[in-house]
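**Student:** need a structure here:
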Amino acid sequence: MRLSNLADYAVVTMSAAARHCGGGRTSASELAGETGLPVPTVQKVVSKLTAAGLLRSTRGAGGGLQLARPAAAISVADIVEAIEGPIALTACVDGTNCAVDHDCSVKPHWPIINSALRGALADIPLTQLTRSKEMA
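**Tutor:** Numbers count the residues shown, from 1 in each chain. This next block holds a predicted model:
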């Protein structure tokens, strides 16, 4: 399993945004500069993260971007789901796109596996990603 580039960029962007906590607002351009990502990519990611309620965008003088809730209350699972949708390793869990017929003996187990994966990602708060490598 591999995250899409956009989900990866969202985690990187949110980590950068979290480093601004308590220090006021930031901008997509500033986040792009800090992360090395192209401005249009960061703008696209920011739009999705804002729509998901993870970032708050304020227009006008003194406006900008800030986390919508404390970094400790935002998990990697929240960020990934904002970009990718529900975390699932297979498409057949919801009854569509299953390559195997209805007699599949593994299908009942996928929700357990997906839950375990989501739980692992939910256990990693954004604050953990903002620490330096020495502290992690």
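**Student:** flag the shaky bits of the chain, pLDDT-wise.
**Tutor:** Residues of the chain meeting the criterion pLDDT under 70: 1, 22-23, 93-97, 99-102, 132-136.
**Student:** residue boundaries of the helices in it?
**Tutor:** Counting by DSSP state H, the chain has helices at residues 5-18, 28-35, 39-51, 76-84, 110-122, 126-130.
**Student:** residues near residue 3, how many?
**Tutor:** Look at residue 3: counted by other CB atoms under 10 Å, it has 16 neighbours. In this view, the C-beta of every residue, glycine as well, is placed from N, C-alpha and C.
**Student:** my guess is it contacts residue 80, does it?
**Tutor:** Yes - the pair residue 3 and residue 80 passes the contact test of CB atoms under 8 Å, sitting 6.5 Å apart.
**Student:** quickly list what's touching both of those two.
**Tutor:** The contact sets of residue 3 and residue 80 overlap at residue 11 (CB atoms under 8 Å, 6 or more residues apart in numbering).
**Student:** ok, now which ones touch the residue nearest to residue 113 when sequence neighbours are not counted?
**Tutor:** With CB to CB, 6 or more residues apart in numbering as the criterion, residue 113 has its nearest non-adjacent residue at 6.2 Å, and that residue is residue 89. With contacts defined as CB under 8 Å, 6+ apart, the neighbours of residue 89 are 1, 110, 113, 114, 117.
**Student:** most centrally placed residue in this structure?
**Tutor:** Among the residues of the chain, the one closest to the centroid is residue 79, at 1.6 Å (CA atoms, centre = their mean).
**Student:** picking up where we left off before, grab the two from the contacts of residue 89 that are most spread out in space.
**Tutor:** Based on CB to CB, the longest span within the contacts of residue 89 runs between 1 and 110 and measures 12.8 Å.
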